[in-house]
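Trainee: generate coordinates for the sequence data below:
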Amino acid sequence: MTTVNIHEAKTHFSKLLEQVQNGEEIIIARAGHPVAKLIAWEETPNKIAAPGNLAKKGYWIADDFDAEIQGLFES
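Mentor: Next up, the predicted model:
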């Protein structure tokens, strides 16, 4: 892991991006204190649970689960 100061990061940003693309992590520091981490972008799949998926695992929600909250909007 490489640490650079803000001036160096601004001056050599393209070079730092190449390093990140090659798997390296870059720490950007101000006055010797880390303030940011430059890391490679990773796509994350959108995982949307199917409706009723929790019921299959034995979970349940009471019928009046959100009654108190609903009451706040009706008052």
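Trainee: only C-alpha atoms from now on, for both contacts and neighbour counts.
Mentor: Fine.
Trainee: just the mean pLDDT for the helix or strand hosting Glu68, thanks.
Mentor: Secondary structure from DSSP states H and E places Glu68 in helix 67-74. Helix 67-74 comes out with an average pLDDT of 86.
Trainee: how about it as PDB, C-alpha atoms only?
Mentor: The C-alpha coordinates for helix 67-74 follow below in PDB (Å, rounded to 0.1, in the frame of the first residue of the first chain):
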ATOM      1  CA  ALA A  67     -49.300   0.200  13.400                       C
ATOM      2  CA  GLU A  68     -47.500   2.600  15.800                       C
ATOM      3  CA  ILE A  69     -45.700   4.300  12.800                       C
ATOM      4  CA  GLN A  70     -48.900   4.400  10.800                       C
ATOM      5  CA  GLY A  71     -50.600   6.100  13.700                       C
ATOM      6  CA  LEU A  72     -48.100   8.900  13.700                       C
ATOM      7  CA  PHE A  73     -49.100   9.700  10.100                       C
ATOM      8  CA  GLU A  74     -52.800   9.600  10.900                       C
END
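Trainee: show me what the helix or strand bottoming out on mean pLDDT in the chain is packed up against.
Mentor: Ranked by mean pLDDT, DSSP states H and E, the weakest helix or strand in the chain is helix 53-56, scoring a mean of 75. Contact here means 3 or more CA pairs under 8 Å, 6 or more residues apart in numbering; DSSP states H and E; on that basis helix 53-56 packs against no helix or strand.
Trainee: so where's this structure uncertain?
Mentor: 75 (pLDDT under 70).
Trainee: in it, which spans are strands?
Mentor: For the chain, the strands defined by DSSP state E occupy 2-5, 26-30, 33-38.
Trainee: need those strands in a markdown table (columns: mean neighbour count).
Mentor: Compiled in a markdown table, those are given as follows (neighbours: other CA atoms under 10 Å):
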| stretch | mean neighbour count |
| --- | --- |
| strand 2-5 | 16 |
| strand 26-30 | 18 |
| strand 33-38 | 13 |
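Trainee: for Gln19, find the nearest of those.
Mentor: Gln19 lies closest, by CA to CA, to one member of the strands of the chain: strand 26-30, at 8.2 Å.
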